[in-house]
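Student: fold the stuff below for me.
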Amino acid sequence: MNAKPGDWLVVKGTGGRRGQIVSVRHEDGTPPYVVRWAGTDHEVLVFPGPDAHVVTAEDEAARLRAG
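Tutor: Coordinates of the predicted model:
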């Protein structure tokens, strides 16, 4: 899993969650990530599990435009 600030972390499972990745700790974009959860704006350090994936900022913007 690799990400950059501005990408989105999507966690499946109970309730599901989406959050924007605010910062990454490693130059290669591997976890953990500081994530700002959508809906609460709460920022937390996240070590994503197997039920999570990264959506690029561009793909997220396209999803929002599509409605």
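Student: buried sites along stretch 47-62?
Tutor: 48, 52, 54-55, 60 (16 or more other Cβ atoms under 10 Å). C-beta: built from backbone N, CA, C; applies to glycine.
Student: neighbouring contacts of it?
Tutor: By Cβ atoms under 8 Å, 6 or more residues apart in numbering, the residues outside stretch 47-62 that reach it are 1-4, 6-13, 21, 31-33, 46, 63.
Student: now do the helices in this structure.
Tutor: Using DSSP state H, the helices of the chain run over 57-66.
Student: ok, the spatially closest residue to Lys4 that is not a sequence neighbour to Gln20 distance?
Tutor: Distances taken as Cβ to Cβ, 6 or more residues apart in numbering place Gly29 nearest to Lys4, at 5.7 Å, with adjacent residues excluded. Gly29 sits at a distance of 15 Å from Gln20 (criterion: Cβ to Cβ, to the nearest Å).
Student: neighbour count for those two, which is higher?
Tutor: For Gly29 and Gln20, the more surrounded residue by other Cβ atoms under 10 Å is Gln20, and the numbers stand at 20 against 16.
Student: please name the bridge partners of the more buried one.
Tutor: Trp8, Arg36 (DSSP bridges).
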